[in-house]
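*Asks:* Coordinates for the following, if possible.
(one chain, ligands or ions: 1)
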Amino acid sequence: MSGSGSSAPGRAGVLAGRTIVLGVAGGVAAYKAAEVARGLVRAGARVLPVLTRSAERFVGAVTFSGLTGEPVRTDMWDASFAGELHVDLARRADLVLVVPATADLLARLAAGRADDLLAATVLCARGPVLVAPAMHPRMWGHPATMRNVATLRADGRVRFVGPVHGEVASGEVGLGRLEDPEAIVRAAAAALAPETRDLAGARFVVTAGPTYEPLDPVRFLGNRSSGKMGFALAERAAARGAEVTLVAGPVGLATPQGVTRIDVGTTAELASELDRALGPDLDGADVLVMAAAVADYRPRSPSAAKLKKGTAPKAIELDENPDVLAGIGARRRGQRPVLVGFALETGDDEAIVAYATKKRASKKVDLVVANAAEALGKDESRVLLVGEGGVVPVERLPKGDVADRILDAVARRLAATGG
Ligand code: CTP
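*Replies:* Now for the predicted structure:
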């Protein structure tokens, strides 16, 4: 990650001199933890390895002591240590990093168990805890694992890096593969970077996800937006000190920490919640980020009863929805709120920039974040920021990092227009 001109976390150098407890749980991906240990040591970190009993079946403790120059700990009742080992490790750790985090370990962490040295150290940690899950995709997708992940996310004490989509140990392909060791090292650096509070006091309204327009009580017109980009923006803005209201369409995402969430279904609901949040003079927010994929059309006459097979009309008449963002752009007097629109396009970069530039002018917004339709639903995205000063490309990054780059541009705009 270059970090050029960015105030986002994850910058090189923050690992030097930091102490990291590297927990290794028992999964085939445990061998990749050795590469992570090496990356951390190379970056100047002191790495204290903690292996679970089952991790020892997959990897040798000597590998880790050799790479880190530290004793490998596995046992709560380590006779070579006088005192409570988990308390000592937790006290010394600037970061607890778990690579790989197995389904079993996530279950134990979600339950608050302290039944081995690693779980007890996590429970006792003072600083950030970062886990890199790896398991068979069916284990990752199991409702029990998803529930455990949601619990850990909601508690706000454990952060995740990965898993990613790809080939797993069994040779099958799916979501469950360990994130690349280099990316895990970068995420560790990001977790340790001091959080900038450059958006402290700024009032953000962020919209995210699709809108659904009903055809009847069970069917709707919608789109494939996952809401991930908008949620990442809300999360990062709040982490950087902003006061954030998130107006969310129908998505299955957890509310980011410190964010006030309002759920909406239709475009009309989204528009009315925005009116309420922004107020008649638009002075209720300093920044409006319209990441929502607003449905452009709605069925003219949605049926109050479920449409039955054979009786439904063969063509559906549509009415155009108002362009919510353009409406706000037209009403805005002066430079507040800073307006950020999104443009999801197909075509090459040149075509995407041309469309985005047109959208920026027609909707009277400050910044258009243009991305290619391929980013839909993914955890990563590559965007082009089209603003007053021209086009700034942002390379392919996790959406949290893309969010930080967008917020960097917003922060500059806020500063240039009166703080
Ligand atoms: N938007 C909006 N209201 C709509 C449609 C879109 O506020 N009815 C907002 C979106 O939240 C996004 C931006 O406008 O920030 C761009 O939306 P997009 O659908 O890409 O652009 P359109 O103007 O609908 O143009 P087209 O469909 O031709 O690409």
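*Asks:* residues near G69, how many?
*Replies:* 10 (other Cβ atoms under 10 Å). (Glycine included, C-beta is placed from N, CA and C.)
*Asks:* And for G279?
*Replies:* Neighbours of G279 (other Cβ under 10 Å): 10.
*Asks:* ditto for L109
*Replies:* Neighbour count for L109, taken as other Cβ under 10 Å: 25.
*Asks:* is it true that it touches F160?
*Replies:* No - using Cβ atoms under 8 Å as the test, L109 is too far from F160 to be in contact (11.3 Å).
*Asks:* what is in contact with those two at once?
*Replies:* 131, 152 (Cβ atoms under 8 Å, 6 or more residues apart in numbering).
*Asks:* Can you show me the CA trace of the helix or strand harbouring L130 as CSV?
*Replies:* Using DSSP states H and E, the element containing L130 is strand 129-133. Taking C-alpha atoms only, strand 129-133 is exported to CSV below (Å, rounded to 0.1, in the frame of the first residue of the first chain):
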residue,chain,number,x,y,z
VAL,A,129,-7.4,-8.1,18.1
LEU,A,130,-7.3,-9.0,14.4
VAL,A,131,-8.3,-12.4,13.2
ALA,A,132,-7.7,-14.0,9.8
PRO,A,133,-10.2,-16.8,9.4
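*Asks:* what are the pairing partners of that strand, and which direction each?
*Replies:* strand 95-101 (parallel), strand 158-160 (parallel) (DSSP bridges).
*Asks:* which residue sits closest to A293, ignoring its sequence neighbours?
*Replies:* S225 (3.6 Å; Cβ to Cβ, 6 or more residues apart in numbering).
*Asks:* quick one: that neighbour and T207 touch, right?
*Replies:* No - using Cβ under 8 Å, S225 is not in contact with T207; the gap is 10.6 Å.
*Asks:* as a whole number, average confidence for the helix or strand where V185 lies?
*Replies:* In this structure, V185 sits in helix 181-192 according to DSSP H and E. Mean pLDDT, helix 181-192: 94.
*Asks:* on that earlier part again, shared neighbours of S225 and T207, anything?
*Replies:* What both S225 and T207 touch, as defined by Cβ under 8 Å, 6+ apart, is the set 249, 292.
*Asks:* Among these two, which residue is more densely surrounded?
*Replies:* Using other Cβ under 10 Å, the more surrounded residue of S225 and T207 is T207, with 31 against 24.
*Asks:* quick one, what contacts the more buried one?
*Replies:* 230, 246-249, 270, 274, 288-292, 294.
*Asks:* Mind doing that once more with 6 Å?
*Replies:* Taking Cβ atoms under 6 Å, 6 or more residues apart in numbering, we find T207 in contact with 247, 290, 292.
*Asks:* okay, how far is it across stretch 171-181, tip to tip?
*Replies:* One end of stretch 171-181 to the other measures 19 Å (Cα to Cα, to the nearest Å).
*Asks:* Residue numbers of this structure in contact with the ligand?
*Replies:* Counting by Cβ under 6 Å from any ligand atom, the chain comes close to the ligand at 290, 292, 294, 296, 321, 323-325, 341-344, 359.
*Asks:* please redo it, this time with the cut-off set to 5 Å
*Replies:* For the chain, the residues in contact with the ligand (Cβ under 5 Å from any ligand atom) are 290, 292, 294, 296, 321, 323-325, 341-343.
*Asks:* Check those and tell me the two furthest apart.
*Replies:* Spanning the widest gap among these are N321 and A343, at 16.8 Å by Cβ to Cβ.
*Asks:* So which other helices or strands are in contact with the helix or strand containing L152?
*Replies:* Taking DSSP H and E as the definition, L152 sits inside helix 143-155. Applying 3 or more Cβ pairs under 6 Å, 6 or more residues apart in numbering; DSSP states H and E, one finds that helix 143-155 contacts helix 103-110.
*Asks:* The helix it packs on versus strand 129-133: what angle between them?
*Replies:* Helix 103-110 runs at 150 degrees relative to strand 129-133, counting by axes from the mean of the first three to the mean of the last three Cα atoms, to 10 degrees.
*Asks:* what's helix 103-110 packed up against?
*Replies:* Counting by 3+ Cβ pairs under 6 Å, 6+ apart, helix 103-110 packs on helix 143-155.
*Asks:* Restricting to C-alpha, output the helix it packs on in CSV.
*Replies:* Taking Å, rounded to 0.1, in the frame of the first residue of the first chain, the C-alpha atoms of helix 143-155 are listed here in CSV:
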residue,chain,number,x,y,z
PRO,A,143,-25.2,-20.3,10.2
ALA,A,144,-23.4,-21.1,13.4
THR,A,145,-20.1,-19.6,12.1
MET,A,146,-22.0,-16.6,10.6
ARG,A,147,-23.7,-16.1,14.0
ASN,A,148,-20.3,-16.2,15.8
VAL,A,149,-18.8,-13.7,13.3
ALA,A,150,-21.8,-11.4,13.7
THR,A,151,-21.5,-11.6,17.5
LEU,A,152,-17.8,-10.7,17.4
ARG,A,153,-18.4,-7.9,15.0
ALA,A,154,-21.2,-6.5,17.1
ASP,A,155,-19.1,-6.7,20.2
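*Asks:* Perfect, that will be all.
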